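Q: give me a model of this one.
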Amino acid sequence: YWETFRQVVKDTAQEAVIVGELWQKDSTLLRYMRGDRADTTMNYRLRDAVLGLLAPQPFDSKGFADSGRSISPSEFVSRLASIREDYPDAAYYSLMNLLDSHDTERILWTLTPGDETTAEKEENPANLAEGKQRLRLASLIQFTVPGAPTVFYGDEAGMTGDDDPDDRRTYPWQDLGGEIDPALFAHYQSLAGLRRQYDVLVSGDIHFLLADDASGVVAYGRKTANQAAVVIINRGQQEVSGAIPVAGFLPDGVVLTNAYAVGEGGPTTVTVMNGEISGSLGSLSAVVLLSGDIDLEPPPAPANLMVVDEGDGTVSLAWASVPGAAGYQVYRSPLSGGGWERVNSEPLTASALTDTGLRNARTYYYVVTALDSAGNESALSNEVSAMPHFTIGWANLQWPPTLTHTISVVQRTDNIYGQVWIDGITNQPGVTPGLLAFVGFGPEGSQPASDAGWNWVEASFNVDVGNNDEFVASLLPEMLGTYDYVYRYSTTNGRDWLYADLNGPIPAGSLPANPGKLNVVSSGDTTPPAVPTGLQVLSASPAGVELSWNEILGDASLYGYEVLRSETSGGPYALIARLTDNEYRDEAVVEGATYYYVVRSLDLSFNRSANSAEVSATVLSRTVTLTFNVTVPATTDETGSSVFIAGTLSRLDGGLPDWDPGAVILTRLDATHWTITLAGLEGTQIEYKYTLGSWDYVEKGATCDELSNRLLTLSYGSDGVQIVNDSVLNWRNVPPCGN
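A: Okay, the predicted model is just below:
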């Protein structure tokens, strides 16, 4: 339907914009922003972030999870970054950036301190003055972030009002005797004028520069190829002074001028020096700094970044030179794709760098940028990873040269020793940090580095032997026969291995010249145990598939059982567990998948029975019986209303509506207790609140404060019954609470 709707709209008026109320961070709704349905959406997420930053007390979250509370500057920036990440450019730069609407409290009401009363929100001059100052900060953000600032009629005139319908007051037309706030009106005119005059505030990209939770300062930048803007907001109650980092966003020498300010302070002009701008800003104040027409076009990103060498605590890099580049910056991170920190203190003139002081056996990620003569920085190069490490100089399989082992489930082979030497390192006492050692065995005459059939066991540090580290381990072979065994060592967390036999290191790609020889002989018991019976599926859910079978009794040689699984009936089966009990829970399952299981018994000599009969299990969520018991105020009966539950109830069984305050009624038990039993699938997450049949009578906190949505995840537990005991402390519009 919506694809057809879009086609008809665009055929009628190609420049018409389709705006949807599709603001939730939900994968289904986000798909509407791919360019084949809506163009953009109402940006209630911006409203939620701005209120969290600036509201002086808890506010109505309007369905946002973990909201309705004050948030730190860093959380504010995280929420804005999340919005940026979720929308393609076409939708992001046309987002309907609103701070209030007919469905919310007026922004001035929310930002004004005091109780939820007309006396405190409208008739208290000091409270109202602070509310208008906070509104100036909120609207400045609204007009300086990407998107289309959308003002709910009358906000610019100083209109206020509680939640619907109080938010729909008539505009105060002056020719009909109404009064507007001329200073606030002029403020909105100035913000609109800024956007008209400076394209950077419309089409510039966005960079988050600072989020100082201690001082309450937030700073972000906008930039095009020829102009930049920096917006700084101090939501705190104290004047602040300090530096805003702009390295990588603006080059040194750029001059920014105060184009607009709210409150007190803020520099008249400021120059970028050493990657920073500095100044002071008053409490509840903000400033918009703008550059002139300057060159901000970055050079091309470097190409062909590569790792040249990995050493002891060092990584050497090289990349292709960028024509006309004045220098380069190298960035490092412990994570792929972000978290970059600059390696070099000054720009590099050469297209190579050796990074030092690193931890061995840890992976580091690198990117490089180019700088032009104006100091503009390019986009990131390709990413490479490297692992500094020690270089093993020599290693061997030390002892013994041969082993004879009687097959057993519980008795391992004799110990096997290996030694390794790293120049200047293994002569130090104790184990070498980051050095791994494994002993393995496989078919005679095969290559341990590449042939299948080799089994490896991690060895532990044994003792220092001269300049060498010695390791020790034992094996548990499961089949009779003659095998080769060798050691292998790594200083790169297993990325690279050096294989060694009794002669020393095995050349890469070669067969071991002198491996150890393991002869596994019979215990004399070759009779397999009985086949398990009674295999059954006890339960199957995303929490796991539970199996049980009949215990085999009276067999003194029995060790236990092996559980095998396949994704197709009849196999092939893979071993997933070896145990001595006759029950098992397979937790490595995927919802919706069907698995096939067999069990076989195992004796002390590794004799195995045939497979049991096969059983299958389809992993499906189980139904949870969910009972809400709620304790309500003693005044509830006096209202003559029943208690209802509203929320994301469509996620439960029964076709219940979402967020309908008068649709799902509870059963009265007595004057202060109500109950309802619903059902849904385990793992389902819901949000909900209690009401007396409408949002005018929604639950409130102990001080009549707004409450965030209640959150719940359905849990099956042991019997599929979940009891939720809640308490409502007050109702809106029921004494002692007002509107």
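
Q: only C-alpha atoms for contact and neighbour calcs from this point on.
A: Will do.

Q: CA-only coordinates of the helix ranked longest in the chain, as CSV, when you get a sec.
A: In the chain, taking DSSP state H as the definition, the longest helix is helix 125-144. C-alpha atoms of helix 125-144 as CSV (Å, rounded to 0.1, in the frame of the first residue of the first chain):
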residue,chain,number,x,y,z
PRO,A,125,7.5,34.7,37.6
ALA,A,126,10.9,33.1,38.7
ASN,A,127,9.9,29.6,37.5
LEU,A,128,8.5,30.9,34.3
ALA,A,129,11.6,33.0,33.6
GLU,A,130,13.8,29.9,34.0
GLY,A,131,11.5,27.9,31.9
LYS,A,132,11.8,30.4,29.0
GLN,A,133,15.5,30.4,29.4
ARG,A,134,15.6,26.6,29.1
LEU,A,135,13.2,26.9,26.1
ARG,A,136,15.7,29.2,24.4
LEU,A,137,18.4,26.6,24.8
ALA,A,138,16.1,23.8,23.6
SER,A,139,15.0,25.7,20.5
LEU,A,140,18.6,26.7,19.7
ILE,A,141,19.4,22.9,19.6
GLN,A,142,16.3,22.4,17.5
PHE,A,143,17.4,24.9,14.9
THR,A,144,21.1,23.9,14.8
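
Q: tell me which other helices or strands that helix touches.
A: helix 44-54, helix 107-111, helix 118-121, helix 182-197, helix 200-203 (3 or more Cα pairs under 8 Å, 6 or more residues apart in numbering; DSSP states H and E).

Q: and what about the residue of the chain most remote from its centre, helix, strand or coil?
A: When distances to the mean C-alpha position of the chain are computed (Cα atoms, centre = their mean), the maximum falls on residue 524, with 57.1 Å. Following DSSP: H, G, I helix; E, B strand; the rest coil, residue 524 is assigned to coil.

Q: over to the one 3 residues further on?
A: Classification of residue 527 into helix, strand or coil gives coil, according to three-state DSSP.

Q: show the pLDDT at it.
A: What the model reports for residue 527 is a pLDDT of 97.

Q: what's the distance between it and residue 177?
A: Plainly put, residue 527 is 104 Å away from residue 177 if you go by Cα to Cα, to the nearest Å.

Q: and what of residue 556?
A: Separation of residue 556 from residue 177 (Cα to Cα): 101 Å.

Q: and what of residue 246?
A: From residue 246 to residue 177 the distance is 49 Å (Cα to Cα).

Q: which one of these two has more residues nearby?
A: residue 246 (23 against 7; other Cα atoms under 10 Å).

Q: distance of the more buried one relative to residue 72?
A: Distance, residue 246 to residue 72, using Cα to Cα: 21 Å.

Q: strands of the stretch 251-400 of the chain, residue ranges please.
A: 255-262, 269-271, 276-281, 285-291, 306-311, 314-318, 327-333, 341-342, 352-355, 364-371, 384-386, 394-399 (DSSP state E, counting those that start in this stretch).

Q: got these as JSON lines, with mean neighbour count columns?
A: Shown next, in JSON lines, are the strands of the stretch 251-400 of the chain (neighbours: other Cα atoms under 10 Å):
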{"stretch": "strand 255-262", "mean neighbour count": "19"}
{"stretch": "strand 269-271", "mean neighbour count": "17"}
{"stretch": "strand 276-281", "mean neighbour count": "18"}
{"stretch": "strand 285-291", "mean neighbour count": "25"}
{"stretch": "strand 306-311", "mean neighbour count": "17"}
{"stretch": "strand 314-318", "mean neighbour count": "19"}
{"stretch": "strand 327-333", "mean neighbour count": "21"}
{"stretch": "strand 341-342", "mean neighbour count": "14"}
{"stretch": "strand 352-355", "mean neighbour count": "18"}
{"stretch": "strand 364-371", "mean neighbour count": "25"}
{"stretch": "strand 384-386", "mean neighbour count": "19"}
{"stretch": "strand 394-399", "mean neighbour count": "22"}
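
Q: out of those, nearest to residue 17?
A: Set against residue 17 and scored by Cα to Cα, the strands of the stretch 251-400 of the chain come closest in strand 285-291, at 29.2 Å.

Q: and the residue nearest the centre of the chain, helix, strand or coil?
A: When Cα atoms, centre = their mean is applied to the chain, the residue found nearest the centroid is residue 82 (10.3 Å). The local conformation at residue 82, judged by three-state DSSP, is helix.

Q: so how far is residue 536 from it?
A: Taking Cα to Cα, one finds residue 82 at 47 Å from residue 536.

Q: output the below-cut-off pLDDT ranges for this structure.
A: The chain contains no residues with pLDDT under 70.

Q: report the contact partners of residue 157.
A: 172, 180, 181, 182, 184, 185 (Cα atoms under 8 Å, 6 or more residues apart in numbering).

Q: what about the fourth one, how many neighbours?
A: It refers to residue 182. Neighbours of residue 182 (other Cα under 10 Å): 12.

Q: equivalent analysis for the third one, please.
A: Applying other Cα under 10 Å, we find 14 other residues in the vicinity of residue 181.

Q: isn't it right next to residue 158, touching?
A: Yes. Look at residue 181 against residue 158 with Cα atoms under 8 Å: they come within range, at 5.6 Å.

Q: could you pull out the strands in the stretch 501-650 of the chain for me?
A: Remark: strands assigned in the stretch 501-650 of the chain by DSSP E, counting those that start in this stretch are 504-505, 516-521, 536-541, 544-548, 558-566, 574-579, 583-586, 594-603, 615-618, 623-631, 644-647.

Q: compare the ones you listed and give me the one nearest residue 47.
A: strand 644-647 (20.8 Å).
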